[in-house]
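# predicted model and sequence follow; I will ask about them next.
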2 protein chains.
Amino acid sequence: MAGAEWESLEQCLEKNLPLADLREVKRILYGKETRELHLPSGAFEAASKGDFELRGYGFEAAEEQQRRPRIVRVGLVQNRTPLPADTPVVKQVTALHRRIEAITEVAATCGVNIICFQEAWTMPFAFCTRERLPWTEFAESAEDGPTIRFCQELARKHDMVVVSPILERDAEHGDVLWNTAVVISNSGAILGKTRKNHIPRVGDFNESTYYMEGNLGHPVFQTQFGRIAVNICYGRHHPLNWLMYSVNGAEIIFNPSATVGALSESLWPIEARNAAIANHCFTCAINRVGEERFPNEFTSGDGKKAHRDFGYFYGSSYVAAPDGSRTPGLSRNQDGLLVTELDLNLCRQVNDIWGFKMTGRYEMYAQELAEAVKPNYSPNIVKE
Amino acid sequence: MAGAEWESLEQCLEKNLPLADLREVKRILYGKETRELHLPSGAFEAASKGDFELRGYGFEAAEEQQRRPRIVRVGLVQNRTPLPADTPVVKQVTALHRRIEAITEVAATCGVNIICFQEAWTMPFAFCTRERLPWTEFAESAEDGPTIRFCQELARKHDMVVVSPILERDAEHGDVLWNTAVVISNSGAILGKTRKNHIPRVGDFNESTYYMEGNLGHPVFQTQFGRIAVNICYGRHHPLNWLMYSVNGAEIIFNPSATVGALSESLWPIEARNAAIANHCFTCAINRVGEERFPNEFTSGDGKKAHRDFGYFYGSSYVAAPDGSRTPGLSRNQDGLLVTELDLNLCRQVNDIWGFKMTGRYEMYAQELAEAVKPNYSPNIVKE
């Protein structure tokens, strides 16, 4: 299985395929070709100096008579944890704040209106270890923790909506932890928070050791730039999770994640993109990058030897559009900022063309699901 | 947009990529490499003589102590309509019967246990025309029409379960038409039927001109070779449709389709595969091949000139597995038979690894959907 040495699917295809074939391959793999965005040269210089990748793409919608184009630029950030996991907690958090501050600065020069960071971005993804300390010390209040205050400053400074996925400590309700994303308005005010609705018990990710299924339902946040929602990580495997955000009106659904190659790399291009298609909305899939090594050994329930890292986070963050097209992915092996310009009018336009909501028969499914969860449910199986 | 001249994505990648890159590309695009199946040389000769493609692949599961491998071979058939659409109805149907008979013969020599034909396989996909005659004359009884009797003979002769998607005429209930799939046991008995649950009003496909949303729910058929269901065509865009078949216990869900390039080719590799992943089951996506030309002009609601065909059916039939891997597609431009060996034990194994049903929270979604369909529903939108 590939680690850092293999850069990306798109790079490989661009390099090797004859032009006419490349065009057909892209048509089938990505739908229509996504326009490259013209970004300021200063941004590319800053990215190069800061050692992260910068890419920009744009999706168009048809012109309408009654609505102006609703153009918004989203920024997706993928990154390594810059310091080793055994560095003191405050130092790690501070280093991540600095890293994100620098990338957000570049995002601002690229005109980004809404930025989203990766899942639990202020910490290494230590949930594989099953250890509590020091990892639970990365948890913060979603209302006034240092990371939220930091994000509020970013939001105000850059007039940017900030989606900040953190490990939340909820002191008001028995001091429990949650996997949470805080949405901060471009005014700097906290718009609200949303929690990871589906918690993995898969491979190394026994995350219910730390936090349980979210209890906030499927809120959608009305920002100045459009209606957004956050489907955190493992929720991307659950089509109903995407659906309910969409039913509540989300035009962009962010999917901040932390997932490794052996587990999910061939699923990654499929799931968020299918959600964009099925729900007539934009989806933004964000994964972290690189390997994280922990001080103590842990085991993985796979019969293999105890180890200190749990695989290669393959980056490859991308944006998918309601018409089934998508941007190329960021690289598999580098920090990166993906700037994508969306015309949100495309959501309703595709909705009017394909009509999956109109033809969705949700009433039937509400009834069938309500029956199916009953303990005495008898599946509809036809026998000879 | 490509028509017949471009064969397939997989052929192009195999031809152009260096071996090491090809391996990585396949890993990311298809998951693990799918084993090629050894099929009898006589079968390849018959296929070549009959001018159709024959391919075979196999998916493995891990060994278990308490269950033997549950090996089943499925056959997916994609084909052109052999005669022009203005040929007399009975001649067209007979030619299709002969074509399918020949392909099924080869499937039998390949050990196929369950075969599925394409959507409305006994006719050209004439629903774009909005004309009634002669197209409604292709409709038949799902209980004792000539096509069902033909399929019963095939089933008995070859000890094969036959999934036969037809245009159904329901004389018992007001003579209405349905888009139906009939499932015939390998004994030759009719196991039952299932109807297309979601009816497209998209592009040329104003199918509710002819038939309405299916009223048979989500039946699953217990065959000797495993539990199967049929999600007809446009139902593949609806994640809840796949889900309910899976909740009722389907291990293999067939998706007989008729869809053209301009509309859906970049969605095709995504949707059925996402359904296999999300539902821990095998999915079988089948599309027809080539162009169909109709005697009278029709228009398409796209501002373009009246025309007599509605695009290129791009074949590309494939099987996706619950672990996210998939077979290569059949070609875009040739009739074909895809033989795939499945170990159905893989479904429960992947279910036990990923646990999407265990973590699915269907009770919450049943409630949220029941609320969402109420006329006075107020979406969960958070404002500043």
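Yep, it's here. Residues are numbered from 1 along each chain as shown, chains lettered A, B, ... in the order given.
# centre of the chain to stretch A:149-169, how far?
Centroid separation for stretch A:149-169 versus its chain: 16 Å, with Cα atoms, centre = their mean, to the nearest Å.
# anything in it near chain B?
No. Using Cβ under 8 Å from any Cβ of the partner chain, stretch A:149-169 stays clear of chain B, coming no nearer than 10.3 Å. Placement of C-beta: from N, CA and C, glycine included.
# first-to-last residue distance for that stretch?
15 Å (Cα to Cα, to the nearest Å).
# average pLDDT for it?
For stretch A:149-169, mean pLDDT rounds to 98.
# ok but residue A:245 is inside a strand, no?
No. Residue A:245 is assigned helix when assessed by DSSP: H, G, I helix; E, B strand; the rest coil, not a strand.
# what count of nearby residues applies to it?
With neighbours defined by other Cβ atoms under 10 Å in any protein chain shown, the count for residue A:245 comes to 30.
# name the nearest residue to it, sequence neighbours excluded.
residue A:229 (3.8 Å; Cβ to Cβ, 6 or more residues apart in numbering or on different chains).
# now the one you found: phi and psi?
phi -140, psi 170 (degrees, to the nearest 10).
# now do the contacts for it.
When contacts are counted by Cβ atoms under 8 Å, 6 or more residues apart in numbering or on different chains, residue A:229 touches A:194, A:218, A:219, A:220, A:221, A:245, A:248, A:250, A:252, A:253, A:254.
# adding distance to residue A:158, write these out as a markdown table.
What follows is those, written out as a markdown table (distance: Cβ to Cβ, whole Å):
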| residue | distance to residue A:158 |
| --- | --- |
| A:194 | 22 |
| A:218 | 28 |
| A:219 | 24 |
| A:220 | 23 |
| A:221 | 18 |
| A:245 | 25 |
| A:248 | 27 |
| A:250 | 23 |
| A:252 | 18 |
| A:253 | 22 |
| A:254 | 18 |
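# which of those fall within strands?
A:194, A:220, A:221, A:252, A:253, A:254 (DSSP state E).
# which ones among these also lie next to chain B?
A:220, A:221.
# up against chain B, what does the stretch 251-384 of chain A have?
Counting by Cβ under 8 Å from any Cβ, the stretch 251-384 of chain A sits next to chain B at A:264-267, A:269-271, A:273-274, A:277-278, A:324-325, A:353-356, A:358-370, A:372-373, A:379-384.
# make that the stretch 1-150 of chain A, sorry
Proximity of the stretch 1-150 of chain A to chain B (Cβ under 8 Å from any Cβ) is limited to residues A:1-2, A:6, A:9, A:12-13, A:16-18, A:21, A:24-25, A:27-32.
# which of these are buried? Put it as a ChimeraX command.
The buried residues among the residues of the stretch 1-150 of chain A next to chain B can be selected in ChimeraX (16 or more other Cβ atoms under 10 Å in any protein chain shown) with this line:
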select /A:2,6,9,12,13,16,17,21,24,25,27,28,29,30,31
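# which of the residues of the stretch 1-150 of chain A next to chain B fall within helices?
When the residues of the stretch 1-150 of chain A next to chain B are checked against helices (DSSP state H), the matches are A:9, A:12, A:13, A:16, A:21, A:24, A:25, A:27, A:28, A:29, A:30.
# am I right that the fifth one is in contact with residue B:12?
The reference is to residue A:21. Yes. Applying Cβ atoms under 8 Å as the test, residue A:21 and residue B:12 come out as touching, 5.0 Å apart.
# and the closest residue to residue A:113 other than its chain neighbours, how many neighbours does it have?
In space, and not counting its chain neighbours, residue A:113 is closest to residue A:225: 4.4 Å by Cβ to Cβ, 6+ apart. The local packing of residue A:225 (other Cβ under 10 Å) involves 21 other residues.
# model confidence score at residue A:225, please.
Looking at residue A:225, its pLDDT stands at 98.
# what's near enough to touch it?
A:72, A:113, A:114, A:161, A:186.
# if we can go back for a sec, mind putting the ones in strands among the contacts of residue A:229 into TSV with pLDDT and neighbour count?
What follows is the ones in strands among the contacts of residue A:229, written out as TSV (pLDDT from 0 to 100; neighbours: other Cβ atoms under 10 Å in any protein chain shown):
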residue	pLDDT	neighbour count
A:194	98	29
A:220	98	27
A:221	98	28
A:252	98	29
A:253	98	27
A:254	98	30
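# out of the ones in strands among the contacts of residue A:229, who's nearest residue B:342?
Using Cβ to Cβ, the shortest approach to residue B:342 within the ones in strands among the contacts of residue A:229 belongs to residue A:253, at 32.9 Å.
# might you report the residue contacts of that closest one?
Residue A:253 touches A:228-231, A:242, A:245-246, A:275, A:279, A:281-284, counting by Cβ under 8 Å, 6+ apart.
# how near is it to residue A:235?
10 Å (Cβ to Cβ, to the nearest Å).
# what's the overlap in contacts for the two?
Common neighbours of residue A:253 and residue A:235 (Cβ under 8 Å, 6+ apart) are residue A:242.
# follow-up on the earlier one: list just the nearest of the ones in strands among the contacts of residue A:229 to residue B:316.
residue A:253 (28.2 Å).
# what bridges to the closest one?
Residues in a beta bridge with residue A:253, per DSSP bridges, are residue A:229, residue A:283.
# on that earlier part again, which pair of the ones in strands among the contacts of residue A:229 spans the longest distance?
So, the ones in strands among the contacts of residue A:229 by Cβ to Cβ: farthest apart are A:194 and A:252, at 13.4 Å.
# and the contacts of stretch A:343-359?
Contacts for stretch A:343-359 (Cβ under 8 Å, 6+ apart): A:59-62, A:64, A:67, A:69-72, A:226, A:246-247, A:251-252, A:278-282, A:321-323, B:198-203, B:213, B:234, B:237-238.
# so where's the stretch 101-250 of chain A uncertain?
Along the stretch 101-250 of chain A, no part satisfies pLDDT under 70.
# ok and the residue in it nearest chain B?
Of all residues in the stretch 101-250 of chain A, the one sitting closest to chain B is residue A:239 (3.4 Å; Cβ to the nearest Cβ).
# near that residue, how many other residues are there?
Counted with other Cβ under 10 Å, residue A:239 comes out at 26.
# dump the residue contacts of it.
Contacts for residue A:239 were tallied using Cβ under 8 Å, 6+ apart; they are A:274, A:275, A:278, B:239, B:240, B:243, B:274, B:278.
# quick one: which of these is nearest residue A:118?
Looking across these and measuring by Cβ to Cβ, the closest to residue A:118 is residue A:275, at 18.0 Å.
# check what pLDDT the closest one gets.
Looking at residue A:275, the pLDDT reads 98.
# what's the answer for residue A:383, then?
Value listed for residue A:383 in the pLDDT field: 96.
# was I right to think it contacts residue B:222?
Yes. Counting by Cβ under 8 Å, residue A:383 touches residue B:222, with 4.6 Å between them.
# so the two - more neighbours on which side?
Between residue A:383 and residue B:222, counted using other Cβ under 10 Å, the more crowded position is residue B:222 (15 against 11).
# the more buried one bridge partners, please.
residue B:227.
# surely it meets residue A:379?
No. Shown here, residue B:222 and residue A:379 do not form a contact pair, counting by Cβ under 8 Å, at 10.1 Å.
# quick check: residue A:276 vs residue B:99, distance?
For residue A:276 relative to residue B:99 (Cβ to Cβ), the value is 38 Å.
# alright, that wraps it up for me.
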